[in-house]
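> Quick one, structure for this:
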Amino acid sequence: MNQIQRTWHRLTPKQKKLYLESLSAEALEALHTAITSPEQKAWRDIARPEQLMPDGDWLTWAFIAGRGAGKTRSAAEAILEQGMAHPRIRIALVGRIPADVRDVMIEGESGLIECAKRMGVELEFIPSKGRLLFPNGTVAYTYSSEVPAKLRGPQHHLAWADELSSWADARKGDVVDTAWNNLVLGLRLGKSPKVIVTTTPKPNLLTKTILKRSSTIVTKGSTYDNAANLAPVFKEQVLAAYEGTRIGRQELMGELLEDIDGALWTNAVLADALWVGEIPDLRRIVVAVDPSGGDAEGNDEQGIVVAGQGIDGYYYVLADRSCKLSPQGWASRAVGAYHEFKADKLVAEKNYGGDMVAAVIKQIDPDVSFKMVTASRGKAQRAEPIAALYEQAKVRHVKGLETLEAQMTGWTPEDRTSPDRMDALVWALTELALGKKAIPDVSVMTIGQSNAWRV
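Numbering: from 1, shown residues only. This is a model prediction of the structure:
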């Protein structure tokens, strides 16, 4: 530490404030260079390339990544670097709610105050005024997305918008008097105003609008990028719970899961359907097959889905065993699932393959409880009542059904492709929930009966 650094750090906050107010802008920059500690440069030495604020002429830097990917630290370090390099600038700190600004952006373990300490810089937070004071005269003002009107008048050189996808009015997009619109319209100080966005993406209008603009530089990352710095218990329990799920794709991988116009299922509905707890005892279990017929060569997949009706009144999708095999192959796979899950019924669609479907299944196991179903209506008409069950939050998915779920959210009635997995799902839930022999909700199976199954 040089003599100027030692002298500076001996001063009280009040003495530092009085001294800095007496300096010109040029003198402030010179002092900043002189008192910069080795710890400040250390961030650039340890940061991953995507964690550093990009060069160039841009308005928005959007760091889109999963939980724990290092977004907060990246933004805090960038704000500090800019705030210290440019004395007396005005910075806006905008979070989802006031507590997020205080607890995450300012006082959090990767927030501004802690990052500043590593640089040998003291920041003074005045909660009652919503201000964070830098020693060189720079001031950061705090705002909440819940009160967009407070952003309507103030002007800033720089801004940090945290968890933007979860802002109160993010669904409205970039329209007049939203928090984002007021923030950006207030970025009119200095020659090159900028806003840093850190968020785990959600498919709302604001997120989509910002990411599509040419003035936005997008950096992507995942939780796994920062795995070395995460607690072992987080990696062992949280990552394990959500790997292979749609929530995991969004919250861990940082993917923007967009809905398709006309699709019968939305990402939000399937996210709500995820079940990571213990499966209750099940009244009935069904294996449904949507065969493609013929050889494996050149044909669609054969959909094979296992679902059950719980004693709690919910329907549980337990497995997706879809494949692309010969009739003998997919029939063996379906019968195998029937025995594995101790199913009550194996249901198969007759339309593809006709009587061959029943014959090949009985050839594998003549004792299987088998039911042939015929599609008398179109796929969309058959699927709509099942989609309604999801809207009513009556269906739950175990993790690991990503391919099935992608087909559910990606297929529309105008699509000419054959959604075999989705069709098998529809047949299974139709048999359980809408079939003539579906057990009514008032019927309860005794826990521990032979077809009870748990994950």
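
> domains of this structure?
As assigned by automatic domain parsing, the chain contains the domains 36-229, 267-434.

> Pipe these into TSV and attach mean neighbour count, distance to A27 and mean pLDDT per row.
The way it works is simple: take the backbone N, C-alpha and C, and place the C-beta from them, glycine included. TSV is the format used below for the domains of the chain (neighbours: other Cβ atoms under 10 Å; distance: least, Cβ to Cβ, whole Å; pLDDT from 0 to 100):
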stretch	mean neighbour count	distance to A27	mean pLDDT
domain 36-229	19	9	90
domain 267-434	19	54	89
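
> Kindly reformat those domains as TSV containing distance to E258.
Below are the domains of the chain laid out as TSV (distance: least, Cβ to Cβ, whole Å):
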stretch	distance to E258
domain 36-229	5
domain 267-434	7
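
> For A268, list the residues it contacts.
203, 259 (Cβ atoms under 8 Å, 6 or more residues apart in numbering).

> Indicate which one of the domains of the chain is closest to E255.
domain 36-229 (7.0 Å; Cβ to Cβ).

> what distance separates the closest one from the centre of its chain?
19 Å (Cα atoms, centre = their mean, to the nearest Å).

> shift numbering so it begins at 55
Sure, I'll start counting at 55 from here, so that last one is domain 90-283.

> Torsion angles phi and psi at V201?
As for V201, its main-chain torsions (degrees, to the nearest 10) stand at phi -130, psi 70.

> And it, how close does it get to L483?
To L483, V201 is 44 Å away according to Cβ to Cβ, to the nearest Å.

> for stretch 310-319, what is the average pLDDT?
Across stretch 310-319, pLDDT averages out at 78.

> in it, what counts as buried?
310-311, 317-319 (16 or more other Cβ atoms under 10 Å).

> helices or strands up against the helix or strand hosting L458?
Per DSSP states H and E, L458 falls inside helix 456-464. On a contact count with 3 or more Cβ pairs under 8 Å, 6 or more residues apart in numbering; DSSP states H and E, helix 456-464 meets helix 300-305, helix 321-327, strand 369-374, helix 474-483.

> With distance to F179 as added columns, please give these in JSON lines.
Output for the helices and strands packed on helix 456-464, formatted as JSON lines (distance: least, Cβ to Cβ, whole Å):
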{"stretch": "helix 300-305", "distance to F179": "29"}
{"stretch": "helix 321-327", "distance to F179": "35"}
{"stretch": "strand 369-374", "distance to F179": "48"}
{"stretch": "helix 474-483", "distance to F179": "52"}
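
> Identify whichever of the ones you listed lies nearest to V340.
Among the helices and strands packed on helix 456-464, helix 474-483 comes nearest to V340, with 4.9 Å by Cβ to Cβ.

> got the angle between the closest one and strand 369-374?
Using axes from the mean of the first three to the mean of the last three Cα atoms, to 10 degrees, the inter-axis angle of helix 474-483 relative to strand 369-374 is 140 degrees.

> What are the contacting residues of helix 474-483?
Applying Cβ under 8 Å, 6+ apart, the contact partners of helix 474-483 are 340-344, 346, 354-361, 369, 371, 374, 376, 401-403, 427, 433, 436-437, 440, 443, 449, 457-458, 461-462, 465.
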